[in-house]
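> structure for the following, please:
(chains A and B)
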Amino acid sequence: MSVNLIFKIAAVGILVTVLSQVLKHSGREEHAFLISLAGLMIVLFWIIPYIYDLFETMKSLFVL
Amino acid sequence: MDILKIGILGIVGVLLAVPLKMHKAEYSLFISMAVCICIFVYIISKIEIIYNYVNSLQTLLPIDEEYLEMILKMLGITYVSEFSVNLCKDAGYGAIAGQIEMFAKISILVISMPVLMSFVNMIGEFL
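Presented below is the predicted three-dimensional model:
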C-alpha cells in the first residue's frame, strides 16, 4: 500500500529533474519552473492523505 | 524477520533520496517522509500488541485507568514531536525543530502536573 508510494515519489522526482534540466538548457526557464511546480503538487496530493491518516491513527491510538 | 524489511525499506528510501537531493531537495524530504510513514505502520502493529498485554495486565494488577491513559498520551506526544523534529532537522531547520521539542516537553510537563499534585496531597495527609 505505501511501499510503492516511495517509488512513485522517486519516479516523479527524477522525471521532474530531468525535464527541468532539458527545458533549462533549451532556454525555457518558465516551463522548467512550471514543471517542477506541477511535480510538487502531484507528490503533495499523494502524501497529504497518508499524513492525515498517520495523525488520525495517532489521535485514536494514544487518546490525544 | 520484520527488522529485515524495515532495514531494507530505509536503505532503499535513502538510496532513492540521495541522487534527488542534488537537484531537487524537496523530493528527498518527501521520500524521507514517506519512508517514516511506512515504518510507522509497522510500529503501530507492535504498539497494538503491547497495548493488549498492558490491558490484560490491568486485570491482574489494579492500575488506575487515568495513569495508563496519561502514559499513552505522553507516548503519543513524544512520538509525534520526534517525527516532526527529525524531519525538520533533516531538512536543515534546527531552530524549528528546537521549538517543537520545547513545546513537547512543556506539554508533557503539563500532563504530569495532576499526578504531582495528588502525590503531594497524599504526603500532606500522612503528616
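> ok, residue 37 - contacts?
Defaulting to chain A. Counting by Cβ atoms under 8 Å, 6 or more residues apart in numbering or on different chains, residue A:37 touches no other residue. Backbone N, C-alpha and C define where each C-beta goes, glycine included.
> hmm, no, I was thinking of chain B.
With contact set as Cβ under 8 Å, 6+ apart, residue B:37 has these partners: A:2, A:5, A:47, A:50, A:51, A:54.
> ok, of those, which one's closest to residue B:40?
Residue B:40 lies nearest to residue A:54 out of the contacts of residue B:37, by Cβ to Cβ, at 6.2 Å.
> need the pLDDT of the residue lying closest to the closest one once chain neighbours are set aside.
Leaving aside its sequence neighbours, residue A:54 sits nearest to residue B:37 (Cβ to Cβ, 6 or more residues apart in numbering or on different chains; 5.5 Å). Residue B:37 carries a pLDDT value of 88.
> residue B:13 now?
Looking at residue B:13, its pLDDT stands at 90.
> gap between it and chain A?
Using Cβ to the nearest Cβ, to the nearest Å, residue B:13 is found at 6 Å from chain A.
> tell me the first helix or strand C-terminal of the helix or strand in which that residue is found.
Applying DSSP states H and E as the criterion places residue B:13 in helix B:2-23. Counting by DSSP H and E, the next helix or strand C-terminal to helix B:2-23 is helix B:25-60.
> that next one: which residues count as buried?
By 16 or more other Cβ atoms under 10 Å in any protein chain shown, the buried positions in helix B:25-60 come out as B:26-38, B:40, B:47.
> and which of those residues is nearest chain A?
residue B:27 (3.3 Å; Cβ to the nearest Cβ).
> helix/strand/coil for the nearest residue to the closest one once chain neighbours are set aside?
Excluding its sequence neighbours, the residue lying closest to residue B:27 (Cβ to Cβ, 6+ apart) is residue A:13, at 3.3 Å. At residue A:13, secondary structure determined by DSSP: H, G, I helix; E, B strand; the rest coil is helix.
> could you report the neighbour count for residue A:13?
The local packing of residue A:13 (other Cβ atoms under 10 Å in any protein chain shown) involves 26 other residues.
> likewise for residue B:76?
Using other Cβ under 10 Å, the number of residues around residue B:76 comes to 17.
> so which strand or helix has the residue of chain B found nearest chain A?
Nearest residue of chain B to chain A, counting by Cβ to the nearest Cβ: residue B:76, 2.6 Å away. Assigned by DSSP H and E, residue B:76 belongs to helix B:65-91.
> in chain A, which residue sits closest to chain B?
Residue of chain A nearest chain B, by Cβ to the nearest Cβ: residue A:62 (2.6 Å).
> which pLDDT value belongs to the closest residue to that residue other than its chain neighbours?
Distances taken as Cβ to Cβ, 6+ apart place residue B:76 nearest to residue A:62, at 2.6 Å, with adjacent residues excluded. If you check residue B:76, the pLDDT there is 88.
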